[in-house]
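Trainee: Okay, sequence plus prediction incoming.
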Amino acid sequence: MCDVEGSVERHSHGRLVIPSLVLSRLNMTPPRNVVGFLLIEIGVTFGYSVGVMGQIRTSASVMALIFALLMGVLSVRYRHKILLLIGLIFYGVSAIGCFVAPDYVSMLLAYSLSGLGLAMVSPMSFALVGELLPLERRSSATGWIFAGSALSSLIGIQVIGYIAGISSWRLVFLGFVFPIALISLIVAYIGIPSEPVGSASSVGEGYYLEGFREVFSNRSAIACLIGTALSLASYQVVLTYGISFYRQTYSISPSWAAVLFSGLALCYIVGSLLSGRLVNRFGRKSLTVVGYLLLGLLTVFFTVVPVLWLSLVFLFLCLVFVGVGDSAANGLTLEQVPRFRGTMMSTYSAATSLGAALGAGLGGALLLRYDYRVMGMVLGGFGVVSAMVYFFLATDPTRK
């Protein structure tokens, strides 16, 4: 570990490591926010309902799931920085593709490329946290990375609303999503050490599948993956359908929807940073269980109560505890298989994509057949089950 820390200190731009990782991973939020905030308008453009248009999120999640499994192998062969940079390029290409998409199928394919970016950027950013930072700093860094993604939503949703107001959702992809990907690419290239000590490139070819064997022979690691998938499925009620729920159920205007979106991002930031400060006292597992249990319960509450202000209270509390749970769960997963962090975090990314695809797909199907209340109750139950999986099956290797 001392050698790793020394490599960061010797790097001329060592102070940019954490900002680079924060900026890199926040690329997952702009395309997701555009779809979540403007799903109705995108559906009008192509002539499809909210439930059908929500499937472009499903396609991106499926793409991320498939490629994340491949990343488990690539992370053993190639340096994590290189894989992260390639992922950022995919985000930029996806933004341009969405801008020019002439029909639903083209939009689905172009947006799916953001799934490739997610599959590469997210696991590599956290793997680099494990490589470049000592144990006592990892929880704080993880909290900042999650908070940075939410900060992108807090600020970005106002930009999205403004650009969409003066032009259309297409220009949002070109004028907002693409520039963030480009800036992140430049900063990451400069700010992350070129050859971090202990990088995956130093492992021989015979070890390509060893990481998978270690991950899937570890009961706690498997529990983390299952719990993550279930929590992400539950979270899709907010991420994919939350804004549309309030616009259609309570007839709130797009401008108020933007304010709501920013409020949710702020709550998530509070939860993420709070988790980073509390994890050394209460432990990663305990915070994960509490965070995801309340995610599931509050998801049910905010979709079934018939009063707007009470629904919003439940929703804001939900986002605080999601922030707590996500940061703690990521830190818990990162420590499961220290020898193969790249593979562990790639399978973690696959689990998040599986959960997002399941939640978005099932949520859309429930909306087409039933309503938002049924969707909230079903997917909210996934969050409760996620907490139970972590409680009974996961262990924290950093605590005795």
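Mentor: Received the coordinates, thanks.

Trainee: looking only at pLDDT, what's the mean for the helix or strand harbouring Leu366?
Mentor: Per DSSP states H and E, Leu366 falls inside helix 341-369. The average pLDDT within helix 341-369 is 85.

Trainee: Identify each buried residue in it, please.
Mentor: Of the residues in helix 341-369, those with enough neighbours to count as buried (16 or more other C-beta atoms under 10 Å) are 341-364, 366-367. No exception for glycine: its C-beta is placed from N, CA and C like everyone else's.

Trainee: what's the model's confidence in stretch 269-276, averaged?
Mentor: 86.

Trainee: other SSEs contacting the helix holding Leu366?
Mentor: If contacts are counted by 3 or more C-beta pairs under 8 Å, 6 or more residues apart in numbering; DSSP states H and E, helix 341-369 sits against helix 50-53, helix 55-77, helix 104-132, helix 210-216, helix 219-239, helix 308-334, helix 372-393.

Trainee: now the angle between helix 219-239 and that helix, please.
Mentor: With axes from the mean of the first three to the mean of the last three C-alpha atoms, to 10 degrees as the basis, helix 341-369 and helix 219-239 are set at 40 degrees to each other.

Trainee: now helix 341-369, how far from the centre of its chain.
Mentor: 10 Å (C-alpha atoms, centre = their mean, to the nearest Å).

Trainee: Please shift the residue numbers so they start at 827 in all later answers.
Mentor: In the new count, where the first residue is 827, that last one comes out as helix 1167-1195.

Trainee: quick one: low-confidence ranges for the stretch 1027-1176 of the chain?
Mentor: 1027-1034 (pLDDT under 70).

Trainee: ok, Gly1068 to Leu1158 distance?
Mentor: From Gly1068 across to Leu1158, the span is 26 Å (C-beta to C-beta, to the nearest Å).

Trainee: To clarify, my last question referred to Gly941.
Mentor: Counting by C-beta to C-beta, the gap from Gly941 to Leu1158 is 24 Å.

Trainee: Would you mind giving both backbone torsions of Ile1018?
Mentor: Per-residue torsions, Ile1018: phi -100, psi 130 (degrees, to the nearest 10).

Trainee: Which residues lie in contact with it in this structure?
Mentor: Leu842, Val843, Ser846, Leu847, Lys907, Leu910, Leu954 (C-beta atoms under 8 Å, 6 or more residues apart in numbering).

Trainee: What's the per-residue pLDDT of it here?
Mentor: On the pLDDT scale, Ile1018 gets 85.

Trainee: Against Met946, how distant is it?
Mentor: From Ile1018 across to Met946, the span is 14 Å (C-beta to C-beta).

Trainee: For those two, list the residues in contact with both.
Mentor: What both Ile1018 and Met946 touch, as defined by C-beta under 8 Å, 6+ apart, is the set Leu910.

Trainee: Now the element after the top helix by length along the chain, going C-ward?
Mentor: Scanning the chain for the helix with the most residues, using DSSP state H, yields helix 961-992. Where DSSP H and E defines the elements, the next helix or strand beyond helix 961-992 is helix 995-998.
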